[in-house]
Structures are given as structure tokens and as C-alpha cells.
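In: need a 3D model of the following:
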Amino acid sequence: MKCTPVAIALLLVGQAVHGLAYAAPAPGFKVAHVITLGGEGGWDYVSLDAASHHLFVPRSRHVMVVDVTTDSIVGDIPNTPGVHGVAVAPEANHGFTSNGRDSSVSVFNLKTFELIGRVKLDARGPDDVQYDAVSQRVFSFNAGSNNATAIDAATDSIAGLVALGGRPEAASADGKGRMYVNLEDSSAVVAFDTRTLKVVSRWPLAPGEGPTGFAIDRVHRRTFSGCANQKLIVLDADNGHVVADLPIGKNVDGVAFDATRQLVLCSNGEGTLTVIHEDAPDHYTVVETAATQAGGRTLALDETTGTVYIPTSEFGPPPAPTDERPHPRPSLVPGSFKVLVVKR
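Out: Below you'll find the model as predicted:
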């Protein structure tokens, strides 16, 4: 076919527009400053209540509450043995902690941080905890029982159990009455109805293995699973099709999706933040591997500002091996616990 000057011009314009549609900016994330918190204990999932600007930081037996506008500790939630995470239910003015050591969920006042009560679970080892606004239920994901417990956020009473068929890790609600959760031991994602508590889908994550961190793009219906074999697997949230398989850093444990900036963020314990741009629902580009600090494996995102909060510490030599802990983790340097504030 003979191309006229007009046809050539239209072709070039089309190629330019196509290129713009898939343009992936280099974000340039850096550690802007550090919030030094000190104190004893390890940590797991951090979470941000964007409305109050409160960052909840679990510390083994209690939860620190940090106001991120002033970088100051404004509260402390005590008596949370083996706490892993915090969920907030704004409608009920309640917060919930998942306590792994005594298989309970603590309930606290979101404004005063005072303990309201404790829900004893008929399950073992609650890990992640998430709130679903559609059903107004909080879900604890019980790694020791391969199930999830539904708790009514208004009455703090157990509404039922969801058998998951594998060990749950991180989870997220889609805003339409479904909850999605990684199964670490079987490398799969399970979706269930938050009102009927019935499992509706189970999809393999191959080639991803050992998924931990999880996030969801609610608008484009995509899920993001950070896996132990240094892969981020993107699934279609409606049919389970593997949309993308992307490289990430070692020891990922936190994944977040910034819908405002179309970025997937993976915090890796090796000391990096993998930044992936969602060019289109089925097209993704790794745009940056930003330096953070070793041990920074979980994260919280403030989508309003795009700021990322990553907890970590300084580390010393590991203690001597024992029969119960043949491969002990490195020791924590006393007083060195901190939260990295990572910005563009």
C-alpha cells in the first residue's frame, strides 16, 4: 500500500500516542528522613489510618501509634501478645489487633486507643487482619488453622469462619464484598464473599512461589502478590488469569498499590523498594529499585501524598542456635528501631 504524507503523519501521531500511553516515569524514591522510635520487640505489618494520620506499629506485645504529621508517638495499645497487624473500622470507631501468641483479637477505641475488649478466637495464630466496609466485618487470617475469622465490627462478636485450605498471609478487600488472600504454603490466591463467608475462587500463582505481601487495584480489577522467589504476580481479579510476572527484590513481605499514581510498591527485606508502574491493566514496567535499609520488609502507604513508611532496625549477630530455633534471626540492636519515611 502506498503511504501518502497524510497517512505517514497519522501513523507517526498514532505511534506517539501509543508510546505516551505506556510511558513509565522514573519515580525517584528516597529515604527522606527517619522516625526513631526505639523500644523493644520485633514488628510485622504497619498500617496507616489516613483520616487521622496515625501509623500503627506492632511491637510484639504492644502497638505504637505515631502521628505522621509530627513524627511523634501519640498513643500505645498494650497487652497485644504476638501482635502482627492492625485494622481500623471507622464507622464503629474501633481498631482491631491480631494477637498471634494467645489467638485473640484486641478491640480498641480509635480516638483514645483505650482497650475496649478482647475477642478470643476458635483458631490459632492470627496473622494479618483486614476490614471490609461492605460487610462491616473485620477478618483475622489464622495461619495456624488455615482459616479466617469474621468479626462484626459494631458488636465485636464472631460472625463465622472461612475455611481457606491453606496458610493465609496478607489479604485485601476489593470494595465490592470480596476478600482476597494469599496462601503462602500452596502458592495460591483465594477469594471469598465477605457476607456469605463462602469461598468463590482459588487460583494458582505459578510461577510465583511462597506469596506474602498482597495488594489490589480495585478499579482495574488486578491483584498483586509478592512472592518469595522474587516475583510479583499480577492476576485478573475476576478470572484468575496471570496477567504479568515481574522481578522484585529478596525477602518481600509488603506490597501496596498507589491508585493515584498507578504504582505497585514492594518492600524487600534485602533493603530495597521495588517500584512498578501500571502502564495499563495488562502492562507493567519496573521503573526503579530504590535503596531503603536491610530488614525493611513491610510497608504502609499514604496514598494522599504517595509517602511510604517502612519499619526496620539495626542488627547484630544472631544468638546461638537451639533445638527450637536452629536458624535464629540476627539480634536487634537495642534502641535502634525506626520507621523510614520514603518519598519521591
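
In: for Thr305, what is the enclosing helix or strand?
Out: Using DSSP states H and E, Thr305 is not contained in any helix or strand.

In: ok, for it, nearest residue in space, not its chain neighbours?
Out: Leaving out its chain neighbours, the residue that sits closest to Thr305 by C-beta to C-beta, 6 or more residues apart in numbering is Lys343, at 7.7 Å. Any C-beta I mention is one placed from the backbone N, CA and C, and that applies to glycine too.

In: pLDDT wise, what is that neighbour at?
Out: Here, the pLDDT recorded for Lys343 equals 97.

In: same deal with Val6?
Out: 44.

In: Asp323 too?
Out: pLDDT at Asp323 comes out at 87.

In: count of residues packed around it?
Out: 5 (other C-beta atoms under 10 Å).

In: for it, give its distance to Gly42.
Out: In this view, Asp323 and Gly42 are 21 Å apart by C-beta to C-beta, to the nearest Å.

In: residue contacts, the residue nearest to Thr305?
Out: Shown in contact with Lys343 (C-beta atoms under 8 Å, 6 or more residues apart in numbering): Phe29, Lys30, Ala32, Thr305, Gly306, Thr307, Val308.

In: quick check on these: which are buried?
Out: Phe29, Gly306, Thr307, Val308 (16 or more other C-beta atoms under 10 Å).

In: the second one reaches Thr260, doesn't it?
Out: It stands for Gly306. Yes: in this structure Gly306 lies within contact range of Thr260 using C-beta atoms under 8 Å: 7.1 Å.

In: ok, back up a step: between the contacts of Lys343, which is nearest Arg124?
Out: Val308 (31.9 Å; C-beta to C-beta).

In: sheet partners, orientation included, of the helix or strand encompassing that closest one?
Out: Taking DSSP H and E as the definition, one finds Val308 inside strand 307-312. Strand pairing for strand 307-312, determined by DSSP bridges: strand 300-302 (antiparallel), strand 338-343 (antiparallel).

In: for those, which one sits closest to Thr36?
Out: Nearest to Thr36 among those is strand 338-343; the distance by C-beta to C-beta comes to 4.9 Å.

In: for the closest one, what is the distance to the chain centroid?
Out: On the basis of C-alpha atoms, centre = their mean, to the nearest Å, strand 338-343 sits 16 Å off its chain's mean C-alpha point.

In: next, Asn182: secondary structure please.
Out: strand (DSSP: H, G, I helix; E, B strand; the rest coil).

In: which pLDDT value belongs to it?
Out: At Asn182, pLDDT is 98.

In: could you check how far Asp253 is from His94?
Out: 26 Å.

In: all the helices of the stretch 1-150 of the chain, in order from the start?
Out: For the stretch 1-150 of the chain, the helices defined by DSSP state H, counting those that start in this stretch occupy 5-21.

In: where does pLDDT dip in it?
Out: Applying pLDDT under 70 to the stretch 1-150 of the chain picks out residues 1-27.

In: could you dump the contacts of Lys343 to TSV with distance to Val74?
Out: Below are these laid out as TSV (distance: C-beta to C-beta, whole Å):
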residue	distance to Val74
Phe29	26
Lys30	26
Ala32	21
Thr305	19
Gly306	23
Thr307	18
Val308	21
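
In: of those residues, which is the nearest to Leu235?
Out: Val308 (23.1 Å).
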